[in-house]
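> kindly generate the corresponding structure for this input.
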Amino acid sequence: MSSHKLPVGNAAAVHIIHDNPEWITPFTEALDRLAVAHVEWLLPDASIDLAAEPPQGVFWSRLSASSHTRTDPHVKEYGRAVLDWLAAADRRVINGRDVYELEVSKVRQHRELAGRGFDVPRTAAAFGPRALVDAAAGFTPPFITKHNQGGKGLGVRRFDSHAELEAVADEFAPGGANAPIDGITLVQEYVQPAQPFITRAEFIGGRFHYAVRVDVSGGSFELCPADACTIPGAGADPDVEAVPQFDRREEITAGTPLIARLETLLADLGIEIAGVEFIETADGRQVVYDINTNTNYNPSVESAEQTSGRQSAADRIAEYVADTLAEAAPQSASPAGSAAW
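I've put the predicted structure just below:
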């Protein structure tokens, strides 16, 4: 397998650090429409020269918590090394090192949310399968498990009894079918939505862009818009009329109180681009449970935005990244187009 070296040089461009080519196309196409030069940094199989200065420009980290499921279990460490190198050189990074640590740890996310007064699910972190069973004993079924480092619904599973978990506990051990990459599994109260959907609020440049209703009537619970993540054992209700899985929630706006609080949270944490998921319950709770800093956008929602004359999220991100590049390197010029390592 061939490898590549991180580019160096003085030409300013947008450098996209990522681990999944399948998620990048909407953004590179949007940057192309604005004639903004961009370079992809695909991990793994790359190297950096620690004696060299990183190139000029703006760096956008799209490293994900689920990278180990696609390529290499050590992508998280590769990403940390690259982001440390950039920070030492004082390069402008969108969603930088501290944000990446939130992306790969639901424990950190939970503590940041709870510490700022958000309603969060009751959660315990277990280190190993025996601890998982012991921690779950303190939860009234149903409850769910999920991986601390996870996306795409990794490790998300509903259990309706303690015996059900005990029967499969070995699957959470190293080498098991449901082993978490960092060894940490969360046990979490099962939050029942008032209606069969969760909401994902998207933020760009720290500001609210739109909110998406994500249908969970088929048993899905933790979803990424580009790739539905289903809890094992759940099935669709044949008596429920089919609805779009992803649809914009027009009634949620920048003036919605929870949205305003989330904007403040993201500003405090230095998060510039993110999707935040929450559940509204029958008794009036608004339970925030996930911060995704490697957010993707559903193609049908994006298409509807453009059809209605509104700016798609991909185009808004391209605009924001382009503005950030202009602020970071106002005197630099670079030919438009794309490149890769």
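> show me the contacts for residue 160.
Contact partners of residue 160, counting by C-beta atoms under 8 Å, 6 or more residues apart in numbering, are 141-142. (Each C-beta comes from the backbone N, C-alpha and C, glycine too.)
> got the phi and psi for it?
phi -100, psi 0 (degrees, to the nearest 10).
> distance of it relative to residue 175?
If you measure residue 160 against residue 175 using C-beta to C-beta, to the nearest Å, the figure is 26 Å.
> so residue 259, which state does it fall into?
Under DSSP: H, G, I helix; E, B strand; the rest coil, residue 259 falls in the helix class.
> would you check that it makes contact with residue 265?
No - using C-beta atoms under 8 Å, residue 259 is not in contact with residue 265; the gap is 10.5 Å.
> these two - which one has more neighbours?
Neighbours per residue (other C-beta atoms under 10 Å) separate residue 259 from residue 265, with residue 265 holding more: 21 against 18.
> am I right that the more buried one is in a helix?
Yes - counting by three-state DSSP, residue 265 is located in a helix.
> now do the contacts for it.
112-113, 116, 118, 271 are the contacts of residue 265 under C-beta under 8 Å, 6+ apart.
> let's see it at 6 Å
By C-beta atoms under 6 Å, 6 or more residues apart in numbering, the contact set of residue 265 is residue 116.
> distance check, it against residue 313.
For residue 265, the distance to residue 313 - C-beta to C-beta - is 19 Å.
> show me the helices in the chain, by range?
25-33, 75-88, 97-103, 106-115, 129-136, 162-168, 257-269, 299-307, 313-328 (DSSP state H).
> distance of the nearest residue to residue 91 once chain neighbours are set aside from residue 322?
Once flanking residues are discounted, residue 91 sits nearest to residue 54: 5.3 Å by C-beta to C-beta, 6 or more residues apart in numbering. Using C-beta to C-beta, one gets 19 Å for the distance from residue 54 to residue 322.
> higher neighbour count, these two?
residue 54 (22 against 19).
> residue 271 versus the more buried one, what's the distance?
Distance from residue 54 to residue 271, by C-beta to C-beta: 22 Å.
> show me the shaky parts of this protein.
1-11, 154, 220-243, 329-341 (pLDDT under 70).
> so what pairs up with the spatially most central residue of it in the strands?
Centroid-nearest residue in the chain, with C-alpha atoms, centre = their mean: residue 292, separated by 2.6 Å. According to DSSP bridges, the residues that bridge with residue 292 are residue 275.
> again with residue 186
residue 125, residue 146.
> list the contacts of residue 166.
Here residue 166 is in contact with residue 133 (criterion: C-beta under 6 Å, 6+ apart).
> residues near residue 182, how many?
Residue 182 has 18 nearby residues by other C-beta under 10 Å.
> what residues does it make contact with?
By C-beta under 6 Å, 6+ apart, the neighbours of residue 182 are 148-149.
> can you report phi and psi for it?
Dihedral angles for residue 182 - degrees, to the nearest 10 - are phi -100, psi 10.
> distance of it relative to residue 68?
On the measure of C-beta to C-beta, residue 182 and residue 68 end up 9 Å apart.
> same question for residue 205.
29 Å.
> just checking, residue 193 touches residue 279?
Yes - proximity of residue 193 to residue 279 meets the contact threshold set by C-beta atoms under 6 Å, at 4.9 Å.
> show me which of those two is the more surrounded one.
Using other C-beta under 10 Å as the criterion, residue 193 and residue 279 rank with residue 279 on top: 21 against 18.
> identify the bridge partners of that one.
With DSSP bridges as the rule, residue 279 is bridged to residue 287.
> how near is the residue nearest to residue 130 when sequence neighbours are not counted to residue 313?
Excluding the flanking residues, the one nearest residue 130 by C-beta to C-beta, 6+ apart is residue 169, at 7.4 Å. Distance, residue 169 to residue 313, by C-beta to C-beta: 40 Å.
> good, wrapping up.
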